[in-house]
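A structural model of the following input is requested.
(2 chains)
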Amino acid sequence: MLMLACILHEYAFADSLAFSRNARTNELIQSSLTVKGLAHACLTIHQIPDSLPCNPAFIPLIQKSGLGAALLISNGYSNYESVQSLLGGDLTQETVNRLFGPDRILQIEAGADINFISPYLAGRFIPKSIKGFSAVRNEANPIAEVSLFEESGFAFQSGYQLSESWFVGAQLRTLERKFIRKQFQITELATPQGKDLLKAKEQTAFFVDPAISYIATDFHKLTLSFMLYNLGSAKPVAEEINEPVQAQFGLGISPPLRWGKLQLGLDYRQIAENASDEEHLHLGALYTYGAMNISMGIDKQGASVGIFYLLDKVNAGILYSSTRLLKPDEEFYTQTVYLQVGWQI
Amino acid sequence: MKTLLSVFIFLFSLHCSALAATATATATDPDKETLQLQLRQTAGRMSGQKINPSGIQTFGKEKHLFSNWREYSSFMRQQTKMDRENGYSYIISGSLAFVGGIAGAAVANDPLENGVYTVFQTIGVASIGYGAYQLRIGDDERQFFETIHYSRLDARSRFLALQAHEGQRRRREEKDRLIRVVTHGLIAALNFYNGSVQENKSLKTGLYFIGGVNALAALSFTFEF
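Numbers count the residues shown, from 1 in each chain, chains lettered A, B, ... in the order given. Here you go, the predicted model:
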């Protein structure tokens, strides 16, 4: 009874049945390997090696223009076709068995993007991105929880240097998404109404994210950032999706090192839905030396460490994240490996 | 078949953009480019002249960044030191990538994970090679400096050679800029056209995006942003 009370108390989409959730995949946030490695503590990181900067105010700091494409996948990619067919409305017995078999936990992230970056304007085109989570519990009367998203869209960033230390910028994001977010009993699928249970909904969203930053030039590049995130709307409105306007803050520093470059960041931003104030804090570090970029991050959702190599026209990276480090005594935990390969000019 | 052809056209467009951008590009380290640009900008601010990426321009007579060979020599020694540090950083990080890639490939069971570790090994070896190149050879500027430095020319002749070299570089950069404007402009037009006749919505959008990027590149080279 006490466990049931705890579960009901912590109810949230795609969390309540799994006990442990992938720490770095969030259905509503697009992020590269390095940003995931930083635990999304990237508001004060001036340049992200494999993506647009999280903070558009840093666009004037870009020294070299470039165009690149990248492909990111997580373990669980073998379910890609099943997820795709479900989102496409192809609900067969085989798909149901594959996705909602006993004790079946599915976590997947797979996507591609094309990034363009210059000292004046940056843009990203996402032709397709699939993120998903589903879990089935209770053998006697199986209950399934599904959260599957397929998105495509654009993001554009521009920034301006007001003075030696002050920077402003803005990001525009447009998204088209197809999603399924539901909790239901497996037996309901057999009913005539069950066919509509897993029918994908569509939504178009448009957001503007203005930002401002201050970089102290004489103290280890101490950086303060502020961004208003999710200013905009999504239509039609879906009760399953909650994207409130957020005020996000970041504090960063870049202590001098004899070898390489280190950037540390502490951000206050909501990544996980229904997150508490503690869960808004994210701490990340990015170390760059030669062709190597090591990202590390920790927050209440979990810890992550990744390595990303970038040389001339080719790049590749691997990231490991786990929820176990923060809760070593818990029976249930999730460990995820992300892989990314890309090409740039 | 149509989809495969569309994907091929898209990838080819992306590749052509790459060729256009790198046609006259040389391998440079971003930190070195920043140092050069900062030096030019500082000199420009001090002399009150307009700055552009190709150097300092005045109305009429050409001015040069360095007033004598000794200044240039001091600057190039600093550049060479940075080259050496960068070279070592790429060699060390490349070695780590190579060793890590071999170790990871031996442990990983997933074929895609194995594939990424293989790419790590390739990047590692390439990084070692690039680092060795930076360490021992450097870019065109360093090669010019070493050629003049180890010659028997006197200080005045060396400075005259430097002025001629900088003049030639600015003229080359002007020609390079014109070629890039035309190339990026044509690639933009090609991608816009291919996007307009493409049926697949995702590919259409991708081609328009690449067309837009190239149009922006053509504009930026035209007006020297």
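
pLDDT below threshold where in chain A?
By pLDDT under 70, the weakly predicted segments of chain A are A:1-20, A:101-103, A:195, A:325-333.

Kindly provide the distance from the residue of it found nearest chain B to A:Pro49.
Closest residue of chain A to chain B, Cβ to the nearest Cβ: A:Gly290 (3.3 Å). For the C-beta atoms, the positions are set from N, CA and C on the backbone; glycine is no exception. Distance, A:Gly290 to A:Pro49, by Cβ to Cβ, to the nearest Å: 12 Å.

close enough to count as contact, the residue of chain A closest to chain B and B:Glu85?
No - using Cβ atoms under 8 Å, A:Gly290 is not in contact with B:Glu85; the gap is 9.8 Å.

Compare these two and say which one has the larger neighbour count.
Per other Cβ atoms under 10 Å in any protein chain shown, whichever of A:Gly290 and B:Glu85 has more neighbours is A:Gly290, with 28 against 16.

Next up, the contacts around the residue of chain A closest to chain B.
Residues counted as contacts of A:Gly290 (Cβ atoms under 8 Å, 6 or more residues apart in numbering or on different chains) are A:Gly260, B:Asn86, B:Ser89, B:Tyr90, B:Ile91, B:Ile92, B:Ser93, B:Gly94, B:Ser127, B:Gly131.

repeat for B:Leu162
Contacts for B:Leu162 (Cβ under 8 Å, 6+ apart) come out as B:His64, B:Phe66, B:Trp69, B:Tyr72, B:Ile148.

re earlier: how about the contacts of A:Gly290 in a markdown table, adding distance to A:Gln246?
As requested, the contacts of A:Gly290 are arranged in a markdown table below (distance: Cβ to Cβ, whole Å):
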| residue | distance to A:Gln246 |
| --- | --- |
| A:Gly260 | 33 |
| B:Asn86 | 39 |
| B:Ser89 | 38 |
| B:Tyr90 | 39 |
| B:Ile91 | 43 |
| B:Ile92 | 40 |
| B:Ser93 | 36 |
| B:Gly94 | 40 |
| B:Ser127 | 39 |
| B:Gly131 | 42 |
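
Please indicate which of the residues you listed are buried?
B:Asn86, B:Ser89, B:Tyr90, B:Ile91, B:Ile92, B:Ser93, B:Gly94, B:Ser127, B:Gly131 (16 or more other Cβ atoms under 10 Å in any protein chain shown).

doesn't the fourth one fall inside a helix?
Yes - counting by DSSP: H, G, I helix; E, B strand; the rest coil, B:Ile91 falls inside a helix.

hang on, isn't it packed against B:Val125?
No - shown here, B:Ile91 and B:Val125 do not form a contact pair, counting by Cβ under 8 Å, at 10.9 Å.

beta partners of A:Thr288?
Beta-bridge partners recorded for A:Thr288 (DSSP bridges): A:Lys261, A:Asn293.

quick one: it from A:Glu176, how far?
According to Cβ to Cβ, A:Thr288 stands 35 Å off from A:Glu176.

How about A:Pro210?
For A:Pro210 relative to A:Glu176 (Cβ to Cβ), the value is 23 Å.

coming back round to it: would you tell me which one of the contacts of A:Gly290 comes nearest to A:Leu67?
Nearest to A:Leu67, judged by Cβ to Cβ, of the contacts of A:Gly290 is B:Ser127 at 21.4 Å.

you'd agree that closest one is in a strand?
No - counting by three-state DSSP, B:Ser127 is not found in a strand; it is helix.

was I right about it contacting B:Ser93?
Yes - here B:Ser127 lies in contact with B:Ser93, judged by Cβ under 8 Å, at a distance of 6.0 Å.

Mutual contacts of the two, please.
Taking Cβ under 8 Å, 6+ apart as the criterion, B:Ser127 and B:Ser93 both touch A:Gly290, A:Ala291, A:Tyr309.

on that earlier part again, JSON lines for the contacts of B:Leu162, including secondary structure and neighbour count?
Formatted as JSON lines, the contacts of B:Leu162 follow (DSSP: H, G, I helix; E, B strand; the rest coil; neighbours: other Cβ atoms under 10 Å in any protein chain shown):
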{"residue": "B:His64", "secondary structure": "coil", "neighbour count": "16"}
{"residue": "B:Phe66", "secondary structure": "coil", "neighbour count": "18"}
{"residue": "B:Trp69", "secondary structure": "helix", "neighbour count": "21"}
{"residue": "B:Tyr72", "secondary structure": "helix", "neighbour count": "22"}
{"residue": "B:Ile148", "secondary structure": "helix", "neighbour count": "19"}
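
Turn those residues into TSV, including pLDDT.
Shown next, in TSV, are the contacts of B:Leu162 (pLDDT from 0 to 100):
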residue	pLDDT
B:His64	55
B:Phe66	85
B:Trp69	90
B:Tyr72	92
B:Ile148	93
